[in-house]
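A.B. asks: Dropping a prediction and its sequence here:
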Amino acid sequence: MPDIFNVIADATRRDILLILLERYRQEKEISVSEIVAKLELSQPTVSKHLKVLREAELVSVREEGQHRFYTLCYEPLEYVEDFIVPFLSADFDGDVTVEFRDITEGEDAEGHVLSEGVETAAASLGRVAAEAGHQVRELVARFRLRS
C-alpha cells in the first residue's frame, strides 16, 4: 500500500477526497465525469489521481459499462488520524485513565447488572460516544485535507 501521507499530500487528490466526502455523506457515488466537471480538470488528469487513490484504498470503484463510479473509503485515513491526534492533544491538561471494575457482583436473577432505565441510558450514551468518535475522525480528516 502506498504511503498515505504521500497520497494525500497532493492538493488535487485532497480536492477529489473532499468531493467524495460530500457524496459519502449523501450515501451516493460519483462518476469520473462529475468530478471532472466540479474540478474543471481534464479527464486523464482526474483518472490519474483516482488511480493513485484507488491504489491507496481510499476509494472504491464500480464499473458500469464504460462508466466508473467512485465512493470514498475513509478507513486508511484512520492511520493519519492516529498519527495526528497526539499532536492536536499535546496541550491537553490532565491525564485520562481507564479503570475496569468487576460489575457482575450486582447481577439479578436474569443476569442484568443495570436496571432497565440505566441500561437504556447506557445504550444511548454508547451511541452518542460512537457518533462523537466518528465526528472527531471526520474533523481530523477534514483538517488534514484542507491544510
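C.D. replies: It's in. Numbering: from 1, shown residues only.

A.B. asks: where exactly do the helices run in this protein?
C.D. replies: 4-9, 11-25, 32-39, 43-55, 77-88, 116-146 (DSSP state H).

A.B. asks: would you list those in a markdown table and tack on mean neighbour count?
C.D. replies: (C-beta placed from N, C-alpha, C; glycine too.) Output for the helices of the chain, formatted as a markdown table (neighbours: other CB atoms under 10 Å):
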| stretch | mean neighbour count |
| --- | --- |
| helix 4-9 | 16 |
| helix 11-25 | 17 |
| helix 32-39 | 15 |
| helix 43-55 | 16 |
| helix 77-88 | 14 |
| helix 116-146 | 12 |
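
A.B. asks: Least confident of these, on average?
C.D. replies: Note on the helices of the chain: lowest mean pLDDT is at helix 116-146, with a mean of 72.

A.B. asks: And it, what does it pack against?
C.D. replies: helix 11-25, helix 77-88 (3 or more CB pairs under 8 Å, 6 or more residues apart in numbering; DSSP states H and E).

A.B. asks: For Pro44, find the nearest of the ones you listed.
C.D. replies: If you check each of the helices and strands packed on helix 116-146 against Pro44 by CB to CB, helix 11-25 wins as the nearest, at 12.4 Å.
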